[in-house]
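> fold the following.
(2 chains)
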Amino acid sequence: MYRSNAVWDAIEAENYRLAHVQLAKALRRDPNDEYSLALQAYTFSLERKPAEAIAHARKLALREPTNYQTLELLYGIFVDIAGHTEAGQLYERAAKKLPKSEPLLLSWFWATSTGLDIRGQQRASMALNKAYGSNRAYKLRCAQSCYLAAVQVGATEMEQRLFAGLALRLLDGTGRPQTAEEAVLAARILEANPDKQEKLLEFLCDSETENWNNLELAVMKLETAVKLTNWEKVFAIVLRTLATENRDDYESYKQMAHAVIELQDQEKTVIFTNFLRDKSTTRNGALAAVYYASLLGKEFVLPAVKSYFRLMGKKQCAFDDLLPFVEYLDPTVWIEFCDEQLLEFSGSLNRASVNQLNILVNCRKFHYLLNSTTDSYVLENISLYNKVLPLLDFKQDTEYFYGDDLLLLAVQWILEGRPVSFPKLEIHDSVLVAVTLLESACSRDKHQFYVRLWLVRLHLFLGNFPQAQVHYKILSIKNIQMDTMFHHLFTRNATICPSFKAILENREIYNMNAVQTPQYIKYAYEAGSFSQIQGMVEFANRLTNSYGKGFLCVEVKRIARMTGLKMDELAISTRLLENSWHDNRDDDILKGIGSAGEEPIETLVRIGPKQDKEWINVFILRETILDLMPSGSKELDVYVAKLRDLMSLETTKSQLTKTEIWSMDILFNLYALIKATTLLAALKAVEDLKATFAELSGELAEPGLSNLTWSWFHNRFTLFETIKIIKPILDSLPNGKLKNPKLTQVSADLRRTLMTTAEKVKEDSRRIKDDREKWVKEKVRLISSYAPVEKLDSLINLELMIDGIAAGHDATISVLRLMKL
Amino acid sequence: MDIRQAKVSDIPGMQNANISNLPENYALKYYLYHALTWPQASYVAIDSTGTKIVGYVLAKMEEDPEDGIPHGHITSLSVMRTYRRMGLAGKLMQQSLRSMAECYSAKYVSLHVRKSNRAALHLYKNTLKFDVENIEKSYYGDGEDAYAMKKNLDELDDVDAIFDTEDPNLLVEAVANLKLGEISKELQLTQENYA
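All right, here's what the predicted structure looks like:
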């Protein structure tokens, strides 16, 4: 076999032309060199020529190569372009020919395990175990692989039973666990076999297992006993954890509470209540008392909650800890109790301690939750905030100033439209008030992350992407947060403020995952870290198929189109349409404090309908259709049909804005035009296109609005994007047999309408820019005299802040006006 | 609040516990390497709902100990700001120290802490009974000195959140700051192993 460092050097230098030249030389010397043939296909894939790559790969696959290095190259190509099934067949055919080739079988195992092909991995591990049954490590890997196949999402009941049973039989062949990791694997495999739960409990309670001192096994032991409703065992386990081992474990307390209730054993109940009394000065013990009370009945809860609050009310976590138990409390009684806690120091809040501040804020959160009709809440909170400001002087940089939550609560109250003692404003101005209050908080405390995250959202709501980005950057979102927090800034970025460079930075986590996670999956097997493998695979899957990645692909391409950048290398693989997308977005972080409502508060200031997998698939299809339109190929018909099907679903339409739905209608009109084979059909298509365009364009071209929000930008950028899509298609008409003066005329008319509309939008944008000073003055007048802002002891320069918002609008409007159509 | 073994799937939660502009967001492979090489050394603290990660400790065994004695090292310790001053850091540390002694036969544990980090110093010195071995001049990238601290693992005291002994004026925050150079060294080791 020919080996060429020269080829790899060329590939690594991304000089693919040279690589092909080198390969051509090698193949002249030996036309049957399978490795070089595979390298050729691989080079095509690196050049983003999937059609050539897969064609070469399939041709080579027909020869049924058996060299593992050749197979490794081919496998990667097939997985990327054709999918796991076809990829896996490469190795299966080779393994049939060489069933005892250890390098081949190992290569198969690593390819499938790091490629997240669970079924393929299971087959590879079985082949390895069959060939090398005496190798304990291979047997363990096989057991692990079968376990993964049993528990993977989408496994049928039969598969679950089959693979779990197989894993157990394999495990039995490895003897007793030799490490804690093997013990965890054994426990999980037993757990996956529904008829082995008693055996699992026995295993977990065995002294040999307990000697591993593994916390995961200890947790599993309790969970298993609970699942089996073996309350005697549960009691014995938790008694040991809490008493003998003196571990302060809340879950143990909870289960002890359940056990004493189920067992109705006087002695055990006394032991438990004595425990609670002895541990009443610890958070877990005090909260466990509340939990136990909630199991006994509503009437028992209040005294326990009061005890808990007296102990823990000075901690920031107290409100969240008690939130699940609020339903048991009489709101009036509880609010009265909260107010009593403040009596001691409410007269001297400016000298309050941190503990007193925490009590105050916790009480105000309960007020928010239980006393929603009072109209003095907002101003009271602001007044309290002003009084506790002196505490900021003593705050360390890394500490969290709980007083800021008073402002967050006030902002929430305003946004939710709850009763207030001053005139209510329409949503745009309410958000402006919210921004003012929170910017003031940030100006005093740089490290205020919740406030900053809210400001990211609120600025974005106001269409002020630049300022939203400033706050987002201060949060230093990195690594995995680029996936979970991405949407807070970049939702609909292409049509709110197209930012190619900024959005592209988020690619980093997916690139990292693609390279590092497979390495570490392999490492996990080699290190025997069985307890982590399932989590690794799940983690890798979540990132590989993340919503964030889907949004990124779509938004980057749209931004490139709008800003006139090269789009050649941004083609989106249609294989993504087969993805089981994972939603990793963290919205909990903005769910709102003190909120027990059904709809999270962030929905009030959401940037359009919440996008889900249907939105991603719609736009992937749209981009694919746009790529195929110039050729008018048969594939185009398939994708248009798929898009029509998707758009017919209510779930899909509920995720798109009115403008996004309109842009899809335009796409369907363009398709009809491309496919028109007669003059009449072409004329009709152009008329339909014109009518659809007029549905929205008229409204958008009308001047008027001054209070900009995200939707103002979204509508106009979408309009311009649509014009950019329509124009080249119109420019290519009429052609061939459709050359006709009438068609030429109507196309030209439509082109003129497009450009006139664009000009009107640009003109209106210019008006907004010119009116900036007037808008700022008007808003400063309105906001500065608004009761909450007047009351706030603020350091910020309001005019500068509002002008900053206008400046952000200006910057984005410039992008809009400079778009070349 | 409960302590659980850290898993790979906990990484997003662990990073969220660090949302701020402090240098606590480590590279992905850093977390992965710790979780996979010493799965019983690192732990997370979860809130009473059992769903949210509110703190973590990332620890390892020294791979080539200079003194030939197996020992552990605390790489990173962090508790979410709203869950501080409740003894969580101490509990995470105790669990990790216990595991290192029992599972990996560590004889002692070392760490570095910035001279200016009073809160962390209080935790390690007063609560967890670490000793200051020496001061390493300009240990951190910004030139700050570090206390090199060490604790023998012969006896492990239990740490409960006992509030009546807590000094309300002292911020008990435990954030072990690593200099970026140290992080780079770890990543280099990983790269060398897996190039």
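
> list the contacts of the residue of chain A found nearest chain B.
Distance from chain B to each residue of chain A (C-beta to the nearest C-beta) is smallest for A:Tyr400, at 3.5 Å. Yep, even glycine has a C-beta here, placed from its N, CA and C like the rest. A:Tyr400 makes contact with A:316, A:447-448, B:81-82, B:84, according to C-beta atoms under 8 Å, 6 or more residues apart in numbering or on different chains.

> in three-state terms, label it for me.
The three-state assignment at A:Tyr400 reads coil, by DSSP: H, G, I helix; E, B strand; the rest coil.

> look through chain B and state the residue closest to chain A.
Using C-beta to the nearest C-beta, the closest approach of chain B to chain A is made by B:Arg81 at 3.5 Å.

> isn't that residue up against A:Glu399?
Yes - B:Arg81 is within contact range of A:Glu399, at 6.7 Å (criterion: C-beta atoms under 8 Å).

> ok, the nearest residue to A:Leu643 once chain neighbours are set aside - how many residues close by?
Leaving aside its chain neighbours, A:Leu643 sits nearest to A:Leu621 (4.3 Å; criterion: C-beta to C-beta, 6 or more residues apart in numbering or on different chains). The burial count assigned to A:Leu621 is 24, neighbours taken as other C-beta atoms under 10 Å in any protein chain shown.

> A:Leu621 is in contact with A:Met647, isn't it?
No - counting by C-beta under 8 Å, A:Leu621 does not reach A:Met647; the two are 9.2 Å apart.

> do a quick rundown of the helices in chain B.
For chain B, the helices defined by DSSP state H occupy B:11-16, B:28-37, B:88-104, B:118-122, B:180-193.

> with mean pLDDT, distance to A:Thr85 and mean neighbour count added, can I get those helices in TSV?
Putting these into TSV (pLDDT from 0 to 100; distance: least, C-beta to C-beta, whole Å; neighbours: other C-beta atoms under 10 Å in any protein chain shown) gives the following:
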stretch	mean pLDDT	distance to A:Thr85	mean neighbour count
helix B:11-16	81	30	22
helix B:28-37	86	29	23
helix B:88-104	90	41	23
helix B:118-122	83	53	19
helix B:180-193	36	33	13
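
> as JSON lines, those with distance to A:Pro518 would be great.
Conversion of the helices of chain B to JSON lines gives the following (distance: least, C-beta to C-beta, whole Å):
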{"stretch": "helix B:11-16", "distance to A:Pro518": "16"}
{"stretch": "helix B:28-37", "distance to A:Pro518": "11"}
{"stretch": "helix B:88-104", "distance to A:Pro518": "27"}
{"stretch": "helix B:118-122", "distance to A:Pro518": "36"}
{"stretch": "helix B:180-193", "distance to A:Pro518": "14"}
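
> between these, which gets nearest to A:Ala124?
helix B:28-37 (20.9 Å; C-beta to C-beta).

> that closest one - contacts with which helices or strands?
Applying 3 or more C-beta pairs under 8 Å, 6 or more residues apart in numbering or on different chains; DSSP states H and E, one finds that helix B:28-37 contacts helix A:507-527, helix A:530-544, helix B:11-16, strand B:53-61, helix B:180-193.

> how many neighbouring residues does A:His428 have?
A:His428: 16 neighbours (other C-beta under 10 Å).

> that one: what's its closest spatial neighbour, skipping adjacent residues?
A:His428 sits nearest to A:Asn707 (C-beta to C-beta, 6+ apart), 4.2 Å away.

> thought that neighbour was touching A:Asp429?
Yes - proximity of A:Asn707 to A:Asp429 meets the contact threshold set by C-beta under 8 Å, at 7.3 Å.

> where in chain A is pLDDT low?
A:1-3, A:568, A:594-598, A:704, A:734-738 (pLDDT under 70).

> tell me where it has strands.
Taking DSSP state E as the criterion, chain A carries no strands.

> looking at it, which helix is longest?
Max-length helix for chain A by DSSP H is helix A:741-770.

> who are the packing partners of it?
Judged by 3+ C-beta pairs under 8 Å, 6+ apart, the packing partners of helix A:741-770 are helix A:679-701, helix A:710-731, helix A:798-817.

> residue ranges with poor pLDDT in chain B?
Using pLDDT under 70, chain B drops low at B:18-26, B:155-195.

> residues touching A:Glu327, list them.
By C-beta under 8 Å, 6+ apart, no residues touch A:Glu327.

> how far away is it from B:Lys137?
58 Å (C-beta to C-beta, to the nearest Å).

> rewinding a little: is it possible to get a markdown table of the helices and strands packed on helix B:28-37 that adds distance to A:Gln40?
Below are the helices and strands packed on helix B:28-37 laid out as a markdown table (distance: least, C-beta to C-beta, whole Å):
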| stretch | distance to A:Gln40 |
| --- | --- |
| helix A:507-527 | 23 |
| helix A:530-544 | 27 |
| helix B:11-16 | 39 |
| strand B:53-61 | 44 |
| helix B:180-193 | 30 |
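
> out of those, which comes closest to A:Phe394?
Nearest of those to A:Phe394, taken as C-beta to C-beta: strand B:53-61 at 23.4 Å.

> next, the angle from the closest one to helix B:28-37.
Computed by axes from the mean of the first three to the mean of the last three C-alpha atoms, to 10 degrees, the angle separating strand B:53-61 from helix B:28-37 equals 70 degrees.

> got the angle between strand B:53-61 and helix B:88-104?
Strand B:53-61 and helix B:88-104 are oriented at 40 degrees to each other (the same axes, to 10 degrees).

> helices and strands around strand B:53-61, which ones?
When contacts are defined as 3+ C-beta pairs under 8 Å, 6+ apart, strand B:53-61 packs onto helix B:11-16, helix B:28-37, strand B:43-46, strand B:71-79, helix B:88-104.

> quick one: contacts for the residue nearest to A:Leu643?
By C-beta under 8 Å, 6+ apart, the contact list for A:Leu621 reads A:577, A:639, A:642-643, A:646.

> of the residues you listed, which is the most crowded?
Going by other C-beta under 10 Å, A:Leu643 tops the contacts of A:Leu621 with 23 neighbours.

> so A:Arg817 sits against A:Glu763, correct?
No - judged on C-beta under 8 Å, A:Arg817 makes no contact with A:Glu763 at a distance of 9.4 Å.

> who has more neighbours, the two?
A:Arg817 (15 against 12).

> show the contacting residues for that one.
Contact analysis of A:Arg817 by C-beta under 8 Å, 6+ apart lists A:762, A:765-766.

> distance-wise, check the residue lying closest to A:Leu391 once chain neighbours are set aside relative to A:Lys315.
Counting by C-beta to C-beta, 6+ apart, A:Leu391 lies nearest to A:Leu357, which is 5.9 Å off, once chain neighbours are set aside. As judged by C-beta to C-beta, A:Leu357 and A:Lys315 stand 11 Å apart.

> next: A:Asp588.
Applying C-beta to C-beta to A:Asp588 and A:Lys315 gives a distance of 20 Å.

> comparing B:Arg81 and A:Glu399, which residue is more hemmed in?
Neighbour count, other C-beta under 10 Å: between B:Arg81 and A:Glu399, B:Arg81 has more, with 23 against 19.

> skipping its backbone neighbours, what lies nearest that one in space?
Excluding the flanking residues, the one nearest B:Arg81 by C-beta to C-beta, 6+ apart is A:Tyr400, at 3.5 Å.

> just give me the neighbour total for A:Pro303.
A:Pro303 has 12 neighbours, counted by other C-beta under 10 Å.

> that one against A:Leu296, yeah?
No - the criterion here is C-beta under 8 Å, and A:Pro303 misses it with A:Leu296 at 11.2 Å.

> what residues does the closest residue to A:Asn506 other than its chain neighbours make contact with?
In space, and not counting its chain neighbours, A:Asn506 is closest to A:Met482: 4.7 Å by C-beta to C-beta, 6+ apart. By C-beta under 8 Å, 6+ apart, the contact list for A:Met482 reads A:505-506, A:508-509, A:548.

> show me which of those residues are buried.
Buried by 16 or more other C-beta atoms under 10 Å in any protein chain shown: A:506, A:509, A:548, out of the contacts of A:Met482.
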